[in-house]
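[1] My questions are about this predicted structure, shown below with the sequence.
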Amino acid sequence: MTELLKPMAEFNVEGPLKSIVWNLGDFEIVISETIIVQWIVMVILGVVFFILGRNLKVRTTSKRQMAAEWIVCFFRNMVRDTMGVKYNKYTAYIGGLFCFSVLSSLMGLFGLRSPTSDLSVIAAWGLATFVLTQRNKFKTGGVKGFFKGFIEPVPFMLPFNIIGEFANPLSQTLRHFANILAGSVIGGLVYFALGQVANGLASIGIPAILSLYFDLFSAFVQAYIFCTLTMAYVSMADCSE
């Protein structure tokens, strides 16, 4: 009976941990776990892209170059199908964003905190989408076209159009963040629950099956949705059409 009355272990959901802290007099410099993991992601992607991109030839002679060309063509066609041929210059940005998002979400498989479960990371991507959208609107429509878009189709739509400009990247940010964070929390709860009531294969097999969705499938789906919305918002801001 006393065993049943013992308090169970707690399950906590914490934010990014303070991995490195420097005290400089009255100032404190903090490098969080999110920043460190993002640097790990950038190093991995840098090494992979360097290997794929070195010693390229006009005529494909290696599987490595074929893989590199397939990746480039995949993102180029993705941009063309969503934005149009004239937006080919966005291929590098969309491809980099997609790869960074996917690998960041998969870092949880290696026991690290996924940067995409940190709101500040996704908010920065959403802010980049907002800036690119306003830039394209100003570039294609000029000053007149930029401000005209806020009063179409009728002038009294001005406040609603302004809200819409901010609502798009905000909803885009929260969608990606919430899905990845929810997967991390659910995965943690499953590990915690099985650790209390189960042993053996059940405590390993069930989380492994769930991770196929919450870690692998969800990582690719959320990256694809975020990139697709970015392309849609930027191309829809074209005032020249």
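    Great, that's in hand. Computed from a prediction, not measured in an experiment: that's the story for all the values here.
[2] For E28, list each beta-bridge partner.
    Here E28 sits in beta bridges with N23, as judged by DSSP bridges.
[3] Can you give me the neighbour number for it?
    Counted with other CB atoms under 10 Å, the neighbours of E28 add up to 10. C-beta coordinates here come from the backbone N, C-alpha and C atoms, glycine included.
[4] so where's the chain shaky on pLDDT?
    Where the chain drops to pLDDT under 70, the residues are 1-22, 24-25, 154-156, 184-214, 240-241.
[5] Spatially central residue for it, please.
    Closest residue to the average C-alpha location of the chain: S101 at 3.7 Å, with CA atoms, centre = their mean.
[6] what ranges do the helices span in the protein?
    Applying DSSP state H to the chain gives helices spanning 2-5, 33-53, 63-83, 91-106, 119-148, 158-197, 202-211, 218-236.
[7] hmm, back to that, roughly how far does the residue nearest to the centre of the chain sit from G149?
    When CB to CB, to the nearest Å is applied, the distance between S101 and G149 equals 29 Å.
[8] hmm, back to that, using JSON lines, please lay out the helices of the chain together with distance to R113.
    As requested, the helices of the chain are arranged in JSON lines below (distance: least, CB to CB, whole Å):
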{"stretch": "helix 2-5", "distance to R113": "34"}
{"stretch": "helix 33-53", "distance to R113": "5"}
{"stretch": "helix 63-83", "distance to R113": "27"}
{"stretch": "helix 91-106", "distance to R113": "10"}
{"stretch": "helix 119-148", "distance to R113": "11"}
{"stretch": "helix 158-197", "distance to R113": "8"}
{"stretch": "helix 202-211", "distance to R113": "15"}
{"stretch": "helix 218-236", "distance to R113": "14"}
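[9] Specify the stretch among these that is closest to N23.
    In this view, the helices of the chain are compared for proximity to N23 by CB to CB, and helix 33-53 is the closest at 17.8 Å.
[10] Tell me which other helices or strands that closest one touches.
    The helices and strands touching helix 33-53, judged by 3 or more CB pairs under 8 Å, 6 or more residues apart in numbering; DSSP states H and E, are strand 18-24, helix 63-83, helix 91-106, helix 119-148.
[11] possible to save the ones you listed as CSV with distance to I44?
    Written out in CSV, the entries for the helices and strands packed on helix 33-53 read as follows (distance: least, CB to CB, whole Å):
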stretch, distance to I44
strand 18-24, 18
helix 63-83, 15
helix 91-106, 6
helix 119-148, 16
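[12] most packed of those?
    Compared across those, helix 91-106 shows the largest average neighbour count, a mean of 20 (mean count of other CB atoms under 10 Å).
[13] Run through the neighbouring helices and strands of that one.
    On a contact count with 3+ CB pairs under 8 Å, 6+ apart, helix 91-106 meets helix 33-53, helix 63-83, helix 119-148, helix 218-236.
[14] Between those, which one is closest to M107.
    Counting by CB to CB, M107 lies closest to helix 33-53 out of those; the figure is 5.5 Å.
[15] Next, the buried residues of the closest one.
    Counting neighbours by 16 or more other CB atoms under 10 Å, one finds that the buried residues in helix 33-53 are E33, T34, I35, I36, V37, Q38, I40, V41, L45.
[16] mind exporting that helix as PDB, just the C-alpha atoms?
    Taking Å, rounded to 0.1, in the frame of the first residue of the first chain, the C-alpha atoms of helix 33-53 are listed here in PDB:
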ATOM      1  CA  GLU A  33      20.500  25.200 -26.400                       C
ATOM      2  CA  THR A  34      18.500  26.300 -29.400                       C
ATOM      3  CA  ILE A  35      21.400  28.400 -30.800                       C
ATOM      4  CA  ILE A  36      23.900  25.600 -30.300                       C
ATOM      5  CA  VAL A  37      21.600  23.000 -32.000                       C
ATOM      6  CA  GLN A  38      21.100  25.400 -34.900                       C
ATOM      7  CA  TRP A  39      24.800  25.700 -35.400                       C
ATOM      8  CA  ILE A  40      25.100  21.900 -35.400                       C
ATOM      9  CA  VAL A  41      22.400  21.900 -38.100                       C
ATOM     10  CA  MET A  42      24.200  24.500 -40.200                       C
ATOM     11  CA  VAL A  43      27.500  22.600 -40.000                       C
ATOM     12  CA  ILE A  44      25.800  19.300 -41.100                       C
ATOM     13  CA  LEU A  45      24.100  21.000 -44.000                       C
ATOM     14  CA  GLY A  46      27.300  22.900 -44.900                       C
ATOM     15  CA  VAL A  47      29.300  19.700 -45.000                       C
ATOM     16  CA  VAL A  48      26.600  17.800 -47.000                       C
ATOM     17  CA  PHE A  49      26.200  20.600 -49.600                       C
ATOM     18  CA  PHE A  50      29.900  21.000 -49.900                       C
ATOM     19  CA  ILE A  51      30.300  17.300 -50.700                       C
ATOM     20  CA  LEU A  52      27.400  17.300 -53.200                       C
ATOM     21  CA  GLY A  53      28.600  20.500 -54.900                       C
END
